[in-house]
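K.L.:
build me a structure from this.
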Amino acid sequence: YRLRTYNDLGYLDELWDNRPCEPYCNATDGDPVVVTDGSTTVADFALALGGTITGTVTEAGSGTPIESVYVRAYNSRGSWIADGYTDASGVFALRGFQSGSYRVATSNAENTGHLNELWNNRPCYFYWNCDDQDGELVAVTVGATTSGIDFDLPLGGSISGTVTELGSGLALGNAWLEAYISDGQSSLQGFNSVSTNSDGSYSIIGLPSGTYRVRVFDYDGHLSELFDNRPCALSCDLLGGDTVNVTAPSQSTGVNFALALGGQIAGTVTEDGAPASYASVYVWNADPARQWWEYIGQSSWDDGQYLTYVGLPTGSYYLRFFDSGYLSELWGGSHVPLGLDAPTTLGSQVSVTAGFTTNGINAALDRTPLFGDCFETGGFGHWPGTCGHSVCRYDAPLDPACDPCVAQICLADSYCCDTTNGW
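P.N.:
Predicted structure coming up:
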């Protein structure tokens, strides 16, 4: 056997016997520990106290300590070494360093309304274009503390508003909002997000100056949108939303949403004839111009009954039901031979009208065959494979070397039994 230590007390981990293992190592580099039945082998470790980096995180200008900021340290190769959070006084301590030079950065300051930085005073607002190697090096010595690695983080801007139900004006609590900004190339990246309060109000904080799009997701049957009043149910082009300009540290207010009710789907799922305790529900948009699979889940299970919680626009959809250990199934069709790649034509369309619930969309799932049973030829695998195993690609020839399945084709609900080999 080989042994190694793990600790969060600031000591330098090792492989036995006295082999450094900070922060990573190959277990085979340790000396072997020989164990004999009926006897005890003693293998001691004497760990050295590593170096420590300490500092304080405060708000630029006011000097107010910032609690719960995540601070991390990397070595010159960009490998993570240590991390920690600031306390109520804004103080952090990172422990367990070998002697050497490191870079330190904050990572979640946007959650406190501030902008992230690399030490020393190097902006690191966007994770997709912030290079950890741009920070200044911090020298650390084993057994000693390097102090004064402080951060003065500027306040970010914010976007705020309300989310209500269209027509009734009912406040929608627990709706989810996300602010997106250009990554400087060809796409938008989510920067920060928040859920609405019980009165429907929200504020997305910690935003660098820039131009944003805002999307709201509702998980209580309403249709999701991009600001300002741009449909974005399940899937859409984020660039289709109106822009919201932010200038830190100012607030951009009045970014409000009024969401219409979407359609929902309800039914019952059974497994081996008994009510399912949990299963996943996916939807496929039948519109050829807007085809995608999307997990829409369920809001509750009661004796196998489900209700999709994402609001659906008026239209036609295919449904797929899945649970671990059971054969996936398309509604009105058959078992799904290739998971989400299954042709939707194997199922039947479900008509949905916004504002109403389509009931009676039921599924009866069968348990996946085990060894000793026939294996369904169209399983979850995406590779052509030996017949009798659930790895055959839909509509692909079976392995001709597998008797008696020569010349058979994988089809939905078809099975391949090899009685000679017992499966």
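
K.L.:
okay, and the beta partners of Y282?
P.N.:
With DSSP bridges applied, Y282 shows beta-bridge pairing to Y295, R320.

K.L.:
typo on my end, R95
P.N.:
T52.

K.L.:
helix, strand, or coil at G169?
P.N.:
Following DSSP: H, G, I helix; E, B strand; the rest coil, G169 is assigned to coil.

K.L.:
before we move on, what about the one 4 residues further on?
P.N.:
In the three-state summary, G173 is assigned as coil, counting by three-state DSSP.

K.L.:
so who does it touch?
P.N.:
Shown in contact with G173 (Cβ atoms under 8 Å, 6 or more residues apart in numbering): S195, T196, N197, S198, D199, G200. Bear in mind the C-beta positions are built from the backbone N, C-alpha and C, glycine included.

K.L.:
among these, which are in strands?
P.N.:
When DSSP state E defines the strands, the subset of the contacts of G173 inside them is S195.

K.L.:
residues near the closest residue to T106 other than its chain neighbours, how many?
P.N.:
Leaving aside its sequence neighbours, T106 sits nearest to N116 (Cβ to Cβ, 6 or more residues apart in numbering; 4.8 Å). Counted with other Cβ atoms under 10 Å, residues neighbouring N116 total 25.

K.L.:
can you pull the phi and psi angles for N116?
P.N.:
Phi and psi for N116, reported as degrees, to the nearest 10, are phi -70, psi 150.

K.L.:
please report how far it lies from G148.
P.N.:
As judged by Cβ to Cβ, to the nearest Å, N116 and G148 stand 20 Å apart.

K.L.:
poorly predicted segments of the stretch 101-250 of the chain, please.
P.N.:
185-186 (pLDDT under 70).

K.L.:
so the residue nearest to T106 touches A109, yeah?
P.N.:
Yes. Using Cβ atoms under 8 Å, N116 is in contact with A109, at 4.7 Å.

K.L.:
shared neighbours, the two?
P.N.:
In contact with both N116 and A109: L153, using Cβ under 8 Å, 6+ apart.

K.L.:
kindly provide the distance from the residue nearest to T106 to I53.
P.N.:
N116 is 17 Å from I53, by Cβ to Cβ.

K.L.:
likewise for S209?
P.N.:
From S209 to I53 the distance is 30 Å (Cβ to Cβ).

K.L.:
the two - which one has more neighbours?
P.N.:
Neighbours of S209 and I53, each counted by other Cβ under 10 Å, are more numerous for I53; the result is 25 against 15.

K.L.:
tell me the contacts of that one?
P.N.:
Taking Cβ under 8 Å, 6+ apart, one finds 73, 82, 93-94, 97, 102, 104, 138, 140, 145-147, 149 in contact with I53.

K.L.:
apply 10 Å and report the result again.
P.N.:
Residues near I53 by Cβ atoms under 10 Å, 6 or more residues apart in numbering: 71, 73, 81-82, 84, 92-95, 97, 102, 104, 119, 138-140, 145-149.

K.L.:
please list the members of these that lie in strands.
P.N.:
71, 73, 81-82, 84, 92-95, 97, 102, 104, 138-140, 145-146.

K.L.:
buried ones among these?
P.N.:
Buried members of the ones in strands among the contacts of I53, counted by 16 or more other Cβ atoms under 10 Å: 71, 73, 81-82, 84, 92-95, 97, 102, 104, 138, 140, 146.

K.L.:
if you rank the contacts of G173 by neighbours, which is first?
P.N.:
T196 (23 neighbours).

K.L.:
from what I can see that one touches D220, true?
P.N.:
No. T196 is not in contact with D220 according to Cβ atoms under 10 Å; the separation is 11.1 Å.

K.L.:
now do the shared contacts for these two.
P.N.:
Contacts common to T196 and D220, judged by Cβ under 10 Å, 6+ apart, are L172, G173, N174, A175.

K.L.:
hmm, which of those residues are the buried ones?
P.N.:
L172, A175.

K.L.:
let me know the closest of the shared contacts of T196 and D220 to P23.
P.N.:
For these, the closest approach to P23 (Cβ to Cβ) belongs to N174, at 39.1 Å.

K.L.:
dihedrals phi and psi, the closest one?
P.N.:
phi 70, psi 10.

K.L.:
nearest residue to it other than its sequence neighbours?
P.N.:
Using Cβ to Cβ, 6+ apart, the closest residue to N174 is S195 (5.5 Å).

K.L.:
ok, now which ones touch that neighbour?
P.N.:
V163, G173, N174, A175, W176, L177, Y202, F217, Y219.

K.L.:
tally up the residues packed near the fifth one, please.
P.N.:
Read it as W176. 16.

K.L.:
same thing with the last one?
P.N.:
When counting by other Cβ under 10 Å, one arrives at 18 neighbours for Y219.

K.L.:
state the distance from the residue nearest to it when sequence neighbours are not counted to A171.
P.N.:
Nearest residue to Y219, sequence neighbours excluded (Cβ to Cβ, 6+ apart): Y309, at 4.7 Å. Distance, Y309 to A171, using Cβ to Cβ: 18 Å.

K.L.:
same deal with L239?
P.N.:
Counting by Cβ to Cβ - L239 and A171 are separated by 29 Å.

K.L.:
just want to know which of those two has more residues nearby.
P.N.:
A171 (16 against 12).

K.L.:
quick one: contacts for the closest residue to the more buried one other than its chain neighbours?
P.N.:
Leaving aside its chain neighbours, A171 sits nearest to G200 (3.3 Å; criterion: Cβ to Cβ, 6+ apart). Contacts for G200 (Cβ under 10 Å, 6+ apart) come out as 161-165, 169-175, 256-257.

K.L.:
apply 8 Å and report the result again.
P.N.:
T162, V163, T164, A171, L172, G173, A175.

K.L.:
not counting residues beside it along the chain, what's closest to the fifth one?
P.N.:
Computed as Cβ to Cβ, 6+ apart, the closest residue to L172 that is not its neighbour in sequence is V163, at 4.6 Å.
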